[in-house]
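In: Just need the structure, nothing else, for what follows:
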Amino acid sequence: MLRRTKIVATLGPTSDDPKTIDKMIEAGVDVVRLNFSHGKAEQHIQRAETVRSLARARGKTVGVLVDLQGPKIRIGKFAQGKITLNNGDPFILDANCELGNQERVGLDYKELPHDVTRGSTLLLDDGRIVLWVVAVEGAEIMCKVIQGGELSNNKGINRQGGGLSAAALTEKDVEDIKTAAQLKADYLAVSFPRCGADVQQARELLRAAGGKSMLVAKIERAEAVTALEEILDASDAIMVARGDLGVEVGDAAVPALQKRMIRMARERNKLVITATQMMESMIHSPIPTRAEVSDVANAVIDGTDAVMLSAETAAGRYPVETVAAMSRICIEAEKENEPILGQYRMGKSFSRMDESIAMAAIFTANHLNVRAIAALTQSGSTCLWMSRMSSGVPIYALTPEVETRRKVTLFRGVYPINFKTSSKVREQLLIEAEDELRRRGAVRDGDLIVLTIGEPIGKSGGTNTLKIVKVGERRKA
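Out: Take a look at the predicted model:
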């Protein structure tokens, strides 16, 4: 059984060597994430080259997602590296402090005193430390510890309910966008966007640098939830970044938000990645917890395009085993995810001919016991539209364009095939496409397949033909 849900795995210290990366690709990685919060540009460029080279050697295509760091809303460092705060203690967040102590600590984000007032609640270290703001005096935020514990260097800060004014793109991000363009990233993830304009700014900077990546908006601020529709309109995909999001809106609100975001993304023909702590225990354990298995499975059943691994593969002891376990969970969950036959967008009209062909292909496949869909595509748009409709029929993106093959690695239920031909005759192309699927073992004689193609041949956005074929029928004739 082919796995429809895609797996994104973060590369890091424990998954940096070619041998481990190769084993991760073998275990089922579809897209690698390069976390630009760590490492240098040269390291990321080399990682992308290594991944692509190893994937080619296996006859596979693996996408590359660059994840921008975004604004560093963090405390500074302590003279002793860490302190312990007790409930009720006074504590000061001081923008002018160089090295912290038991009474105060500095801020990487110097504008924080302007973003909070008396009564604000600040959450440090993913909510493990809770501070209540008593007063703000100049560069100092006077706090009372509501929930204490150990606090160490450079821990993150969130404001409960959102409201921090930090811009989504920093000077570092602007330079990193140029690196993303240089390494030809397939996806560019924007951290902490507040609105659609933040995503659009990143797109303009990327295009100016010569990059063609699809834009992923990470939903991790409370403001982003409010502005979700405009962010979806400005982006190509969203990431349900449950860590910071859960801190800002409250952990209990995240599951329902996740379901809503997946649904909204699919309805708008956008991609969606579900991320954060999906297999967290596997950083130290060779098997996941039952709760983690259920978490991944529920995201799959909800229709997410991809599930993402962060520290599990970047710094964990079992990166290969984690990918393999996630793949098994996805496959099992998909067995229970029955396709919704013919309901998607039935009450809406289509503005484009190629989108209409894509929907007709899926509708036909779901009702005619079709074995496979072969989309001869230049841009991959036809495959994206097809993948928005729930279906158990595999969609093969046959394209000579390497950028398109890498892009569709994130599309749920879509599988890229390097399809090069010199023919410009439609019927000959369809015959070659059928032969390619048979050669790969995707279909056999007697199977029904749906083929889509556009004329003039080779023109992007021109899909205008759908054909239903019984495999092997021409040879008998």
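
In: what about the strands in the stretch 1-150 of the chain?
Out: Applying DSSP state E, counting those that start in this stretch to the stretch 1-150 of the chain gives strands spanning 6-10, 31-35, 63-67, 77-78, 82-85, 90-94, 99-100, 104-105, 121-124, 129-137, 140-147, 149-152.

In: In JSON lines, list these along with mean neighbour count, distance to Val300 and mean pLDDT.
Out: Heads up, the C-betas are built off the backbone N, CA and C, glycines and all. JSON lines is the format used below for those (neighbours: other CB atoms under 10 Å; distance: least, CB to CB, whole Å; pLDDT from 0 to 100):
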{"stretch": "strand 6-10", "mean neighbour count": "26", "distance to Val300": "10", "mean pLDDT": "98"}
{"stretch": "strand 31-35", "mean neighbour count": "24", "distance to Val300": "16", "mean pLDDT": "98"}
{"stretch": "strand 63-67", "mean neighbour count": "27", "distance to Val300": "19", "mean pLDDT": "98"}
{"stretch": "strand 77-78", "mean neighbour count": "18", "distance to Val300": "41", "mean pLDDT": "96"}
{"stretch": "strand 82-85", "mean neighbour count": "15", "distance to Val300": "39", "mean pLDDT": "96"}
{"stretch": "strand 90-94", "mean neighbour count": "20", "distance to Val300": "41", "mean pLDDT": "97"}
{"stretch": "strand 99-100", "mean neighbour count": "19", "distance to Val300": "43", "mean pLDDT": "96"}
{"stretch": "strand 104-105", "mean neighbour count": "22", "distance to Val300": "41", "mean pLDDT": "97"}
{"stretch": "strand 121-124", "mean neighbour count": "20", "distance to Val300": "30", "mean pLDDT": "96"}
{"stretch": "strand 129-137", "mean neighbour count": "18", "distance to Val300": "33", "mean pLDDT": "97"}
{"stretch": "strand 140-147", "mean neighbour count": "19", "distance to Val300": "34", "mean pLDDT": "98"}
{"stretch": "strand 149-152", "mean neighbour count": "15", "distance to Val300": "34", "mean pLDDT": "96"}
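
In: Who does the one residue sitting closest to the centre of the chain form a beta bridge with?
Out: In the chain, the centroid-proximal residue (CA atoms, centre = their mean) is Ile273; its distance is 3.8 Å. Beta-bridge partners for Ile273, by DSSP bridges, are Met239, Ala306.

In: thinking again about what came up before, closest one to Arg317 among the strands of the stretch 1-150 of the chain?
Out: Minimum separation from Arg317 across the strands of the stretch 1-150 of the chain (CB to CB) falls at strand 6-10, 14.6 Å.

In: Now name the helix or strand holding Gly441.
Out: Using DSSP states H and E, Gly441 maps to neither a helix nor a strand.

In: If you could redo that for Ile177, that was the one I meant.
Out: With DSSP H and E as the test, Ile177 turns up in helix 171-182.

In: Please point out which parts of that helix sit buried.
Out: Across helix 171-182, burial judged by 16 or more other CB atoms under 10 Å covers Asp173, Asp176, Ile177, Thr179, Ala180, Ala181.

In: could these be laid out in JSON lines, adding distance to Ile362 and pLDDT?
Out: JSON lines is the format used below for these (distance: CB to CB, whole Å; pLDDT from 0 to 100):
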{"residue": "Asp173", "distance to Ile362": "38", "pLDDT": "97"}
{"residue": "Asp176", "distance to Ile362": "37", "pLDDT": "98"}
{"residue": "Ile177", "distance to Ile362": "35", "pLDDT": "98"}
{"residue": "Thr179", "distance to Ile362": "38", "pLDDT": "98"}
{"residue": "Ala180", "distance to Ile362": "32", "pLDDT": "98"}
{"residue": "Ala181", "distance to Ile362": "34", "pLDDT": "98"}
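
In: How is the chain partitioned into domains?
Out: Split into domains by automatic domain parsing, the chain comes to 6-70+167-334, 77-159, 353-476.

In: re earlier: what's near enough to touch the residue nearest to the centre of the chain?
Out: Counting by CB atoms under 8 Å, 6 or more residues apart in numbering, Ile273 touches Val8, Val216, Ala237, Ile238, Met239, Val240, Thr304, Asp305, Ala306, Val307, Met308, Leu410.
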